[in-house]
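1. What follows is a predicted protein model with its sequence.
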There are 2 protein chains.
Amino acid sequence: MMIFKPSNTKFYHLLVDLPETDFNGMEELLISYIKSKISITDEELATILSCFRPMKVKKNELLLTDGQSSQRTFFVVKGCVRIFFINDEGQDSTRYFAFENQFATALVSFITSEPSEEFIQAVEDSEVYYITHKNFYHLLEIVPQWEKFYRIYLEIAYVTNTKRLMSFLIQDALEKYRQLLDENPIIVRRLSNKMVASYLNISQETLSRLKSKL
Amino acid sequence: MMIFKPSNTKFYHLLVDLPETDFNGMEELLISYIKSKISITDEELATILSCFRPMKVKKNELLLTDGQSSQRTFFVVKGCVRIFFINDEGQDSTRYFAFENQFATALVSFITSEPSEEFIQAVEDSEVYYITHKNFYHLLEIVPQWEKFYRIYLEIAYVTNTKRLMSFLIQDALEKYRQLLDENPIIVRRLSNKMVASYLNISQETLSRLKSKL
DNA sequence: TTTCTTTTTTGACTCAAGTCAATGTTTTAG
DNA sequence: CTAAAACATTGACTTGAGTCAAAAAAGAAA
């Protein structure tokens, strides 16, 4: 078994060199997220953390544009990012919003290494951690529990997406909106109508009419 | 490396007791499928195979009905099974067809252990192998490579479903049909109009009209 | 504050695809 | 082989949600 003594240089470095960046507690959020999914030793945790880098993004900034292959997975510490794609007529559909304490990846491209049809964009000024595709897959090889972490991540992503698929197949606009209010009200409370419409895959006008009906 | 000679008793048993059941080559198909995804030792393979059981199903027979929790994963050796669900008006939407050499699972329920909203049904007289949920998760613990096998399975399932989700969001009926002809013509060639319509989530009448246009 | 931009709302009109219904056609079971 | 059931096609009509357009409201910038 490999012996790995983590140096915490990186984190102190951050605190010293980037004092204006309030990343205090950032690692803690990521650490507790990881620990909630798998049990790992301190050295494994250190190996994992050493692969993540902090990053700040302004509202509307793109973290991934289409055509690029998805090379990073993001963990949102503050703010919100969305994963979306654009159809032939130029309208966008949002597949997923990641708020604080959630991961966001253009998973299809991340998995297949093909150019992404999806974009990732900050919906608010945000603070995220990212890990590169290369490091992510490297971790799969050197940290056995990371395979399990990724498996659990995939399970959650699969369930989320499949439920979403089913919702689109059997619900009309009003039903989708009601379910969103019921299951994910933060999206309605915190984001613009435009974002909500994009998430429900209906026009803004239709959403506006739905709201006046309730 | 340990030498492990798996007993073929189970399989010979089948051949002797169920001579009318032509399961020849069944194991081979499953074995080569597994080997195409992961590299494993003979003893690990034997452990895995010992968890699978063969089974025959007649056309239209249900392998899983809704409300049950999904307790089995199926591997199709011959025939075809579909995974579908039913909306409030009683219409069904097919999420996936598994033909020969493919796995079929009501994955959401399999993952969450909640009652399934999905049904699994034989579309043709079929021969399948199945593994129970319990054995499947047991394998995750005792065969390290099985974790990888499952991860790869999840990756493929995720990509398939997400592409399908995107297709429903941006394509109209004609585009969906054309893409199906292009990417999955076996579904059109081999299955009834009704099944195809259910897969595209359009009415049979609409499908019929589309066909006369091409 | 005031201006400028972006978002939201509302109305009038359109259209893709659904429903209902009638008629053929194929499959299945006895 | 025949009857019954299931499936496929076609026509007439309906409808949920989109588009276009214009006005009102809300945010952002200066």
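-> That came through, no problem.
2. buried sites along the helix or strand harbouring A:E43?
-> In the assignment (DSSP states H and E), A:E43 maps to helix A:42-49. For helix A:42-49, the neighbour count (16 or more other Cβ atoms under 10 Å in any protein chain shown) marks A:44-49 as buried. The way it works is simple: take the backbone N, C-alpha and C, and place the C-beta from them, glycine included.
3. who does A:T94 bridge with?
-> For A:T94, the beta-bridge partners are A:F84 (DSSP bridges).
4. I figured it was touching A:M195, is that so?
-> Yes: the pair A:T94 / A:M195 is scored as a contact, 6.6 Å apart, by Cβ atoms under 8 Å.
5. joint contacts of those two?
-> A:R82 (Cβ atoms under 8 Å, 6 or more residues apart in numbering or on different chains).
6. A:K176 - that's part of a helix, no?
-> Yes: the assignment for A:K176 is a helix, going by DSSP: H, G, I helix; E, B strand; the rest coil.
7. where's it relative to A:L207, distance?
-> Going from A:K176 to A:L207 by Cβ to Cβ, to the nearest Å gives 10 Å.
8. Okay, and the beta partners of the residue positioned nearest the centre of chain A?
-> Centroid-nearest residue in chain A: A:A104, 1.5 Å away (criterion: Cα atoms, centre = their mean). For A:A104, the beta-bridge partners under DSSP bridges are A:F74.
9. Contact partners for the nearest residue to A:K58 once chain neighbours are set aside?
-> Distances taken as Cβ to Cβ, 6 or more residues apart in numbering or on different chains put A:D125 closest to A:K58, at 5.6 Å, once the chain neighbours are dropped. A:D125 makes contact with A:56-59, A:79, according to Cβ under 8 Å, 6+ apart.
10. rerun at 7 Å
-> By Cβ atoms under 7 Å, 6 or more residues apart in numbering or on different chains, the contact set of A:D125 is A:58-59, A:79.
11. Give me the phi and psi angles of it.
-> Dihedral pair for A:D125: phi -60, psi 130, per degrees, to the nearest 10.
12. who has more neighbours, A:T94 and A:M195?
-> A:T94 (24 against 20; other Cβ atoms under 10 Å in any protein chain shown).
13. Low-confidence regions, chain A specifically.
-> Scanning chain A for pLDDT under 70 picks out the ranges A:1-26, A:67.
14. Can you name the residues of it that neighbour DNA strand C?
-> A:192-194, A:204-205, A:207-209, A:211-212 (Cβ under 7 Å from any atom of the strand).
15. re earlier: so which elements touch the helix holding A:E43?
-> Applying 3 or more Cβ pairs under 7 Å, 6 or more residues apart in numbering or on different chains; DSSP states H and E, we find helix A:42-49 packed against helix A:26-37.
16. CA atoms only: put the helix it packs on into CSV for me.
-> The C-alpha trace of helix A:26-37 is given here as CSV (Å, rounded to 0.1, in the frame of the first residue of the first chain):
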residue,chain,number,x,y,z
MET,A,26,-14.4,25.8,1.1
GLU,A,27,-12.4,22.7,1.6
GLU,A,28,-14.5,21.8,4.6
LEU,A,29,-17.6,21.7,2.4
LEU,A,30,-15.9,19.5,-0.2
ILE,A,31,-14.4,17.3,2.5
SER,A,32,-17.6,16.7,4.2
TYR,A,33,-19.3,16.0,0.9
ILE,A,34,-16.8,13.4,0.0
LYS,A,35,-16.9,11.9,3.5
SER,A,36,-20.7,11.7,3.4
LYS,A,37,-20.3,9.3,0.4
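17. Name the residues that touch that helix?
-> A:11, A:45, A:48-49, A:52, A:54, A:75, A:77, A:101, A:127, A:129, A:149, A:152.
18. now do 10 Å
-> A:8, A:10-11, A:14, A:40, A:44-45, A:48-49, A:52, A:54, A:75-78, A:100-103, A:127-129, A:131, A:145-146, A:148-153, A:156 (Cβ atoms under 10 Å, 6 or more residues apart in numbering or on different chains).
19. So which of those residues sit within helices?
-> Counting by DSSP state H, the part of the contacts of helix A:26-37 found in helices is A:10-11, A:14, A:44-45, A:48-49, A:145-146, A:148-153, A:156.
20. Most neighbours among these, which one?
-> Counting by other Cβ under 10 Å, top hit in the ones in helices among the contacts of helix A:26-37: A:I48 with 24 neighbours.
21. I'd assumed A:I131 was in contact with that residue.
-> Yes: between A:I48 and A:I131 a contact is recorded at 8.5 Å, counting by Cβ atoms under 10 Å.
22. Quick check: neighbours shared by these two?
-> By Cβ under 10 Å, 6+ apart, the residues touching both A:I48 and A:I131 are A:30, A:139.
23. Just the buried residues of stretch A:190-202, please?
-> A:191, A:195-202.
24. What of stretch A:138-145?
-> For stretch A:138-145, by 16+ other Cβ under 10 Å, it's A:139-140, A:143, A:145.
25. With stretch A:65-75 instead?
-> A:70-75.
26. and which of those residues is nearest DNA strand D?
-> The closest of the buried residues of stretch A:65-75 to DNA strand D turns out to be A:F74 (Cβ to the nearest atom of the strand; 22.8 Å).
27. how far away is the closest one from A:E61?
-> 12 Å.
28. any shared contact partners between these two?
-> The contact sets of A:F74 and A:E61 overlap at A:81, A:120, A:122, A:126 (Cβ under 10 Å, 6+ apart).
29. The last one reaches A:L63, doesn't it?
-> Yes: distance between A:S126 and A:L63: 9.0 Å, which falls inside the contact criterion (Cβ under 10 Å).
30. out of these two, which sits in the busier spot?
-> A:S126 (25 against 21).
31. Which residue lies closest in space to that one, excluding its sequence neighbours?
-> A:G79 (2.7 Å).
32. Can you show me the CA trace of stretch A:72-92 as PDB?
-> Only the C-alpha atoms of stretch A:72-92 are listed here, as PDB (Å, rounded to 0.1, in the frame of the first residue of the first chain):
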ATOM      1  CA  ARG A  72     -13.300  19.300 -15.600                       C
ATOM      2  CA  THR A  73     -15.800  18.500 -12.900                       C
ATOM      3  CA  PHE A  74     -16.900  21.300 -10.700                       C
ATOM      4  CA  PHE A  75     -18.000  21.400  -7.100                       C
ATOM      5  CA  VAL A  76     -20.000  24.500  -6.200                       C
ATOM      6  CA  VAL A  77     -19.100  26.100  -2.900                       C
ATOM      7  CA  LYS A  78     -21.000  29.300  -3.400                       C
ATOM      8  CA  GLY A  79     -23.400  30.500  -6.000                       C
ATOM      9  CA  CYS A  80     -24.900  28.400  -8.800                       C
ATOM     10  CA  VAL A  81     -23.900  27.000 -12.100                       C
ATOM     11  CA  ARG A  82     -26.100  25.400 -14.800                       C
ATOM     12  CA  ILE A  83     -25.600  22.800 -17.400                       C
ATOM     13  CA  PHE A  84     -27.500  23.600 -20.600                       C
ATOM     14  CA  PHE A  85     -27.500  23.000 -24.300                       C
ATOM     15  CA  ILE A  86     -28.800  25.000 -27.300                       C
ATOM     16  CA  ASN A  87     -31.200  23.700 -30.000                       C
ATOM     17  CA  ASP A  88     -31.200  24.500 -33.700                       C
ATOM     18  CA  GLU A  89     -33.400  27.500 -33.200                       C
ATOM     19  CA  GLY A  90     -31.000  28.900 -30.700                       C
ATOM     20  CA  GLN A  91     -33.100  28.300 -27.600                       C
ATOM     21  CA  ASP A  92     -31.400  26.900 -24.600                       C
END
